[in-house]
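Peer 1: Structure for this input, please:
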Amino acid sequence: MRTLYTGIFIPIISYAAAGWADKINSQHRKKIRQAQRAAVLRVTKAYRTISTAALCVIAGATPIDLIIKEKSSLYHLRKGRKFIHHTTHYEALTQQTEAEIEKTKHKIRRETLTKWQHEWDAGQLGRLTHKFYGNVKERLNAGWTHNNHYWVKSYQDTETLNVNSKN
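Peer 2: Numbers count the residues shown, from 1 in each chain. Here you go, the predicted model:
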């Protein structure tokens, strides 16, 4: 399922992102995140009661609107155009060395992960999962996790108990 997600879902949703990524508003963001949620639920085999933020972190799936922005920025970088990626302005450079391009690509990816980390820290849902996976970069580098129905369910059951005990 992960192969289908990364090989089919992401390319279809992010097709021609450079042309429309800057026009995404909150309503569009909500719709594309709903589409991603449905796909990632199938990848993780989680119950649909899990929060989207926790689901993305458990699956190691960057939120789709951030992926679209990143792909748009990488396109502009490849074409040598000036662009803004989150808060950083990049100037148009027509004659970049391969090393400069790779350095800029890594910087763009770090900015995307930083933005995701800020969203994850500021969110109100998925706080128990946040205790286990507080750092998104560490979660992405954790090769020992195997997302299956039972593993994800244990997080959800514990979070549900914590939420219900507060009410």
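Peer 1: For the protein, identify the residue most remote from the centre.
Peer 2: In the chain, the residue that sits farthest from the middle, by CA atoms, centre = their mean, is residue 95; the gap is 30.8 Å.
Peer 1: quick one: that residue from residue 85, how far?
Peer 2: According to CB to CB, to the nearest Å, residue 95 stands 21 Å off from residue 85. (C-beta placed from N, C-alpha, C; glycine too.)
Peer 1: Ok, residue 68 next?
Peer 2: Distance of residue 68 to residue 85, given as CB to CB: 12 Å.
Peer 1: Who are the contact partners of the most centrally placed residue in the chain?
Peer 2: Centroid-nearest residue in the chain: residue 62, 1.5 Å away (criterion: CA atoms, centre = their mean). Residue 62 is in contact with 56, 70, 112, 113, 116, counting by CB atoms under 8 Å, 6 or more residues apart in numbering.
Peer 1: What score does it have for pLDDT?
Peer 2: On the pLDDT scale, residue 62 is placed at 96.
Peer 1: Likewise for residue 11?
Peer 2: pLDDT, residue 11: 96.
Peer 1: Now it: which helix or strand?
Peer 2: Per DSSP states H and E, residue 11 falls inside helix 10-13.
Peer 1: Please point out which parts of that helix sit buried.
Peer 2: Under the neighbour-count criterion of 16 or more other CB atoms under 10 Å, helix 10-13 has 10, 13 buried.
Peer 1: helix or strand right after that helix?
Peer 2: Sequence-wise, the next helix or strand downstream of helix 10-13 (DSSP H and E) is helix 17-20.
Peer 1: Give the other helices and strands that the very next helix or strand once past that next one contacts.
Peer 2: Per DSSP H and E, the first helix or strand lying C-terminal to helix 17-20 is helix 26-44. Judged by 3 or more CB pairs under 8 Å, 6 or more residues apart in numbering; DSSP states H and E, helix 26-44 is in contact with helix 10-13, helix 52-59, helix 64-79.
Peer 1: cutoff 7 Å now
Peer 2: Counting contacts by 3 or more CB pairs under 7 Å, 6 or more residues apart in numbering; DSSP states H and E, helix 26-44 packs against helix 52-59, helix 64-79.
Peer 1: how big is the angle separating it from helix 64-79?
Peer 2: Orientation of helix 26-44 against helix 64-79 (axes from the mean of the first three to the mean of the last three CA atoms, to 10 degrees) gives an angle of 100 degrees.
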